[in-house]
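A.B. asks: Here is my input; please provide its structure:
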Amino acid sequence: MYGIIEQGSTGLPPSVPFSQPKNLFRYGEQTLWSTQLLASNSAIANASFRLFTTPLGQQGQGFLNALSIGETNLKEGGRITNGIAYDVFGIACQVGVAEGQESAGTVAVLGAPIDTAAEIDTLVDIQSNGVLKWDFTQTQVDIAPIQLVGAGGGLFGSVSLSSEPLGTIGAMNNGAGSVWLYRKHPVALPGSSTFSILLQFGSRAAAIPDNNVDFFVKVALLGYYKNVIEIG
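C.D. replies: The predicted structure is shown next:
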């Protein structure tokens, strides 16, 4: 018999299984995101939009062209992949302008400066009248008003730009706000479960103005995943 018995031990060797494990668990952190386009000259009062339903490479959620990695990273629309458990501990929400007006048949370019009075008014209106809500097919759970769910980073406030006759104008978005955190109890999304995030607006929300730009709302879920790797 070989080995060393450490002080304080029972004197017995550690238990060793007599067979190889059949599977291993892999853990990690991942972000899932999805984007809704709000078309120029469209009414949003009392409207409801469903995010996390259109996967990568397909068109939907207001977009006339296929969603790219900038809009979503979902492999399956509205469903957690089988064999993976995903716990959401935070939610971020970005509101921005999509130049190119995809609603008019062109390809929208996300993230243009919000640098006119009309665009700033629309940004504030979306933040003030929009709310996010979980939708688990049979159950809906309110999350928070968009005003409380920040993007967690990016530009915010005033950026000096040349403009006549004012001299300078501001470029704004909601990028500096903190993400919405589930401090004690993350939202559990088991493998194969279906879900979506509802973007809803109250009755006082103004229409998206007809100013040759669309707006977009991008929601990101921050969480942990666990999946099983079969090895035997």
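A.B. asks: Next, count neighbours for residue 89.
C.D. replies: 17 (other Cβ atoms under 10 Å). Just so you know, the C-beta spots here come from the backbone N, C-alpha and C atoms, and that holds for glycine as well.
A.B. asks: contacting residues for the closest residue to it other than its chain neighbours?
C.D. replies: Distances taken as Cβ to Cβ, 6 or more residues apart in numbering place residue 186 nearest to residue 89, at 4.5 Å, with adjacent residues excluded. When contacts are counted by Cβ atoms under 8 Å, 6 or more residues apart in numbering, residue 186 touches 87, 88, 89, 223, 224.
A.B. asks: ditto for residue 182
C.D. replies: So residue 182 contacts 88, 89, 90 (Cβ under 8 Å, 6+ apart).
A.B. asks: Please apply the same query to residue 122.
C.D. replies: Applying Cβ under 8 Å, 6+ apart, the residues contacting residue 122 are 206, 208, 209, 215.
A.B. asks: Return the helix or strand in this structure with minimum mean pLDDT.
C.D. replies: In the chain, no helix or strand scores lower on mean pLDDT, DSSP states H and E than strand 167-169, which sits at a mean of 53.
A.B. asks: what about the closest residue to residue 140 other than its chain neighbours, how many residues close to it?
C.D. replies: Nearest in space to residue 140, with sequence neighbours left out and distances taken as Cβ to Cβ, 6+ apart, is residue 133 at 5.6 Å. When neighbours are defined as other Cβ under 10 Å, residue 133 has 15 of them.
A.B. asks: Next, residue 133: secondary structure please.
C.D. replies: For residue 133, the assignment made with DSSP: H, G, I helix; E, B strand; the rest coil gives strand.
A.B. asks: these two touch, right, it and residue 145?
C.D. replies: No: the criterion here is Cβ atoms under 8 Å, and residue 133 misses it with residue 145 at 10.6 Å.
A.B. asks: Export the contacts of residue 182 to JSON lines and append columns for secondary structure.
C.D. replies: Shown next, in JSON lines, are the contacts of residue 182 (three-state DSSP):
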{"residue": "88", "secondary structure": "strand"}
{"residue": "89", "secondary structure": "strand"}
{"residue": "90", "secondary structure": "strand"}
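A.B. asks: Among those residues, which one sits closest to residue 124?
C.D. replies: The nearest member of the contacts of residue 182 to residue 124, counting by Cβ to Cβ, is residue 90 at 23.9 Å.
A.B. asks: Do I have it right that that closest one meets residue 219?
C.D. replies: No: applying Cβ under 8 Å, one finds residue 90 not in contact with residue 219, separated by 11.3 Å.
A.B. asks: Look at stretch 29-46 and report the distance between its end residues.
C.D. replies: 35 Å (Cα to Cα, to the nearest Å).
A.B. asks: if we can go back for a sec, most widely separated two among the contacts of residue 186?
C.D. replies: 88 and 224 (8.6 Å).
A.B. asks: Please say which of those two ends up with more neighbours.
C.D. replies: residue 88 (18 against 14).
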